[in-house]
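Undergrad: Dropping the sequence and predicted coords here.
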Amino acid sequence: MNSNNEYIPFMSEIKEIIKHTEIEYTFRMTYDGEVKPGQFFEVSIPKFGEAPISVSGIQEGLIDLTIRKVGKVTNEIFEHYVGDKIFLRGPYGNGFDVDIYKNKELVVIAGGTGVSPVKGVIDYFSNNSKEVKNMTLIAGFKTPKDILFREDFKKWEENINIILTVDSLDGDEEGTYSVGLVTKYIPDLKFENIKEAVAIVVGPPAMMKFATQGLLDIGFLEENIWVSHERKMCCGIGKCGHCKIDDVYVCLDGPVFNYVKGKTFID
Amino acid sequence: MGFSFSKEGINNVFKEWSKDYIIYAPKRIIGGGAFSDTDSIRYEKIDTVDEIEFNVKSTFSFKEILLPISQTLFFFTEDEVKEADGPKKGAIIFLRSCDLHAVKRLDEIYLRNGFEDYYYKRIREKGKFILIGCKSAFENCFCVDMNTNKIDAYDASLEPTENGYVMDNKCQDWEELLLNNSLSQDEVNPSYVTETKIHVNIPEGLSIDIAKSKMWDEYDSRCINCGRCNFVCPTCTCFTMQDIFYTDNGKVGERRRVHASCMVDGYTDVAGGSSYRKNNGQRMRFKVLHKIYDYKKRFGYHMCVGCGRCDDICPEYISFSNCINKLEDAIKEVNGNE
Amino acid sequence: MDVNTKVLKKNAFRVTKQRGITASRIRVPGGHLEAKYLSMIQKIADTYGNGTVHITSRQGFEIPGIKYEDMPKVNELLQPIIEGLDINQEVPGQGYSAAGTRNVVACIGNKVCPYACYDTTKFAKRIEKAIFPNDLHFKIALTGCPNDCAKVRMHDFGIMGMTEPRYDRDRCVSCGACVKKCKKKSVAALKAVNYRVQRNEEKCIGCGECVLACPTAAWTRKQEKLYRLTIFGRTGKKNPRMGEDFIKWVDEDSIIKIILNTYDYVKKYIDPEAPGGKEHIGYIVDRTGFEEFKKWALKDVNLPSTAEICTPIYWKGIKY
């Protein structure tokens, strides 16, 4: 087998499966190698195909892939158990460069599965909270049932400001959740120097659009906002063309973009 | 060095070449057209010079040789993958200047943009290109405006003359073979066109704002999103992966890639059911701007080589060159709106 | 006035409602002709007719208003048309030799139409050469594809072009265009399995929509020309009905032989009392039974291996 052949996937073992919701699990997989938060792997299931999945957690020898069961490939992944092996290719994409956010006031706004790609960044600054001036996470989910990474939120709370919000309670009154869209909380954010503050926005297209607008409205500079465009990545290596927007190949140049570039994208 | 050949002479050369290479050239497929009793010109394996269609532009391009329409990447069982074998022989490809310029575009994507493509490279590095000179432009060609009418980067050239064939050779390894089979050695300069009937004006000052123009709307209804324009284009390189299993044993199968078209339904589908660019006009915008705007922004030169095959093939008579020529007014329209 | 109406009818003139006045009927086999013949037809109409021409329902021209005594002169003027259209003729200069078997009709075919699977006029002319002149009442029509624009199922012999599609799986990109077209415009004989297309050969009617829809030439046409032959459709008073499929995927030579065999069959079994010696073949088959017809029709016919004979055949239609 030729090592230059990027299409050939490698085997990775499922070490742990963390069930967040009925249709969203995190698969903790073996992987030795460099990987950055916000990068993605192609999960490659023979017979079913490939699906781009962003890395939601990084540990020594392990990566987390948080997968939403929405299609042929992801349905099949859910048929696997701890100890099973599945094929992966990657990591691909630029990922987040945590250095950019160091010693800054950082706000992360994430919606739904959008938490996954940015989770590595949150983990990093939660574990190294001295490396950031202050950090706020506004995470929005549809209902309490849809909340991902519950255990992690508890851990993060110790080190960073968390606003965990749901669009609606959907009959669930037990938890103590704020109710409302993520945008509701943006005007209340306080910064020492908003012109220097940095933000990461990841989530569904509509949420990203309104959240970035909210940040700009309170005085954020465009160049201080980063977005992750989870688009139709397919080959992951700049060949197949599916993720191209304008002159950009999302799989090569992204999925993380500075908003100055990201705002120009027309599909 | 230049050579002239009799038919027998050049066929001897072909015979010798075929020991190490498969020779591909545009060939007339009798009855191969979509309509009954019509032909199509496609790239096929050939053995003799008579099989080459020198007089008509090929319907489909050479790209199918470097980038097969359907290409198996590897075979799999549930826990093992085995890379598909590549061709044992190299490929000699006969093609025109525009198409040889298109090779550069394929190389850009498949050898450079991100990782090197293993499957493309293993065919490409054993490929030789023989330029077919063009004495005059065909219908819908606009190579001169795209600066693709002339090229020196060929391994050899071949053109029919009144009583034989002439070749300019740049491949050192072939010199002796050619010398032994030629009638004479003369300087040969491949023909190239200097004038086309069709002209394009790619305006300065294009930006993605052009997407907002109303010029795309007419294609919503005119275009039938069949994708022929993409499939015949020598510079379109998109593909889609397919996993198939052999039905008699569900556990064994192959992964392959097949050509994809940004005009055809399904190209922008994402898991979960949504898709971008539902309107054909917006698909047209995406394609046209890639060819003459955003590819250049990324790589410094235009993607389109002006072969005009998209115009030749469109069943709805949508002209790509005519679309380009609407851009100047569209810029004014968009700027005027702001 | 003394005119032998039997003779003039055989000579392709008509006994009209107007005493002393006839009409000349000009056949155009396969419905296609060089435009120069139109001025010859005009000349006849202006010189001997009333200056008008009727375009017939069987792709001919009928020139009305001709005096009986002018028939020989009309026949003289018809000579270059008869020769030019390559009509079999017993005595040159004397007009048409028979009018029982009707003009062989054809749709425009693949000279022009993208859907047509063959050159309908060319095949029509080949049939014309094989069967004319003939007094028996045969109606034959050809159409390029299963759209049946020529309404061949209303004829004794209907010939419908078929394309046997060939599939090159290595050129297929699974765009789905063929499957969609076949479903929407034809009989839904295609389905996608494992990213490739499967054709239900029994269901496929050979319309060629898949080939027309395919953007990569993965579908092409098999070069052998094959047809669907329908038999014994008819208009008329007692029992108008659509022709039924007799043989699918049959070749030209077999069709011509079957038609010629049917002339022998009709000669043998036609009702001797039939008015004007004319009887729709279907009524004869109703009398003898289909098996007897089939025995005669297929005598010495070497059907290609592709041919599928439909037997037995039952006709429906409206009965009065």
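TA: Yep, that arrived.
Undergrad: before we move on, which element is the residue nearest to the spatial centre of chain C in?
TA: In chain C, the C-alpha nearest the mean C-alpha coordinate belongs to residue C:141, at 1.3 Å (CA atoms, centre = their mean). Using DSSP states H and E, residue C:141 falls within strand C:140-143.
Undergrad: just checking, what packs against that strand?
TA: Strand C:140-143 sits against strand C:105-106, helix C:120-131, strand C:157-162, with contacts defined as 3 or more CB pairs under 8 Å, 6 or more residues apart in numbering or on different chains; DSSP states H and E. Yep, even glycine has a C-beta here, placed from its N, CA and C like the rest.
Undergrad: So which bits of stretch B:18-37 are buried?
TA: Across stretch B:18-37, burial judged by 16 or more other CB atoms under 10 Å in any protein chain shown covers B:18, B:21-29, B:31-37.
Undergrad: I should have written stretch B:310-329 there, sorry.
TA: Of the residues in stretch B:310-329, those buried (16+ other CB under 10 Å) are B:310-314, B:318, B:320-321, B:323-327.
Undergrad: Now find how far off-centre that stretch is within its chain.
TA: 18 Å (CA atoms, centre = their mean, to the nearest Å).
Undergrad: How far does it stretch from one end to the other?
TA: End-to-end span of stretch B:310-329 (CA to CA, to the nearest Å): 22 Å.
Undergrad: Please apply the same query to stretch B:232-247.
TA: This stretch, stretch B:232-247, spans 32 Å end to end (CA to CA).
Undergrad: element containing residue B:221, please.
TA: Element membership of residue B:221, judged by DSSP H and E, is helix B:217-222.
Undergrad: What is that helix packed up against?
TA: Partner elements for helix B:217-222 (3+ CB pairs under 8 Å, 6+ apart): helix B:280-289.
Undergrad: pull the CA atoms of the helix it packs on into PDB?
TA: What follows is helix B:280-289, C-alpha atoms only, in PDB (Å, rounded to 0.1, in the frame of the first residue of the first chain):
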ATOM      1  CA  ASN B 280     -30.100  26.500 -12.300                       C
ATOM      2  CA  GLY B 281     -29.200  30.100 -12.800                       C
ATOM      3  CA  GLN B 282     -27.200  30.100  -9.600                       C
ATOM      4  CA  ARG B 283     -25.500  26.800 -10.700                       C
ATOM      5  CA  MET B 284     -24.700  28.500 -13.900                       C
ATOM      6  CA  ARG B 285     -23.200  31.500 -12.000                       C
ATOM      7  CA  PHE B 286     -21.100  29.100  -9.900                       C
ATOM      8  CA  LYS B 287     -19.800  27.300 -12.900                       C
ATOM      9  CA  VAL B 288     -19.100  30.400 -15.100                       C
ATOM     10  CA  LEU B 289     -17.400  32.300 -12.300                       C
END
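Undergrad: Do any residues in it lie close to chain C?
TA: No - using CB under 8 Å from any CB of the partner chain, helix B:280-289 never reaches chain C; the gap is at least 13.5 Å.
Undergrad: Show the subsequent helix or strand relative to that helix.
TA: With DSSP H and E, the next secondary element past helix B:280-289 is helix B:295-299.
Undergrad: So for that following helix, mean pLDDT?
TA: When pLDDT is averaged over helix B:295-299, the result is 97.
Undergrad: which other helices and strands contact the next helix or strand after that helix?
TA: Downstream of helix B:295-299, the next assigned helix or strand under DSSP H and E is helix B:309-313. Secondary-structure packing of helix B:309-313 (3+ CB pairs under 8 Å, 6+ apart): helix B:228-232, helix B:320-324.
Undergrad: Show me the contact partners of the first one.
TA: The one in question is helix B:228-232. Helix B:228-232 is contacted by residues B:59-61, B:69, B:236, B:238, B:259-264, B:287, B:309-310, B:312-315, B:318, B:320, C:173, C:215-216 when judged by CB atoms under 8 Å, 6 or more residues apart in numbering or on different chains.
Undergrad: Mind telling me what element residue C:303 is part of?
TA: Going by DSSP H and E, residue C:303 is not in any helix or strand.
Undergrad: Neighbours of it, how many?
TA: 17 (other CB atoms under 10 Å in any protein chain shown).
Undergrad: Check the contact between it and residue C:254; I expect there is one.
TA: Yes - between residue C:303 and residue C:254 there is a contact under CB atoms under 8 Å: 5.4 Å.
Undergrad: list residues touching both of these two?
TA: Between them, residue C:303 and residue C:254 share the contacting residues residue C:247, judged by CB under 8 Å, 6+ apart.
Undergrad: which phi and psi does the residue lying closest to residue C:161 once chain neighbours are set aside have?
TA: Nearest residue to residue C:161, sequence neighbours excluded (CB to CB, 6 or more residues apart in numbering or on different chains): residue C:117, at 3.2 Å. Torsion angles at residue C:117 (phi, psi; degrees, to the nearest 10) stand at phi -90, psi 0.
Undergrad: Next, the contact list for residue C:117, please.
TA: Residue C:117 neighbours (CB under 8 Å, 6+ apart): B:36, C:110, C:144, C:145, C:161, C:162, C:163, C:206, C:208, C:221, C:225.
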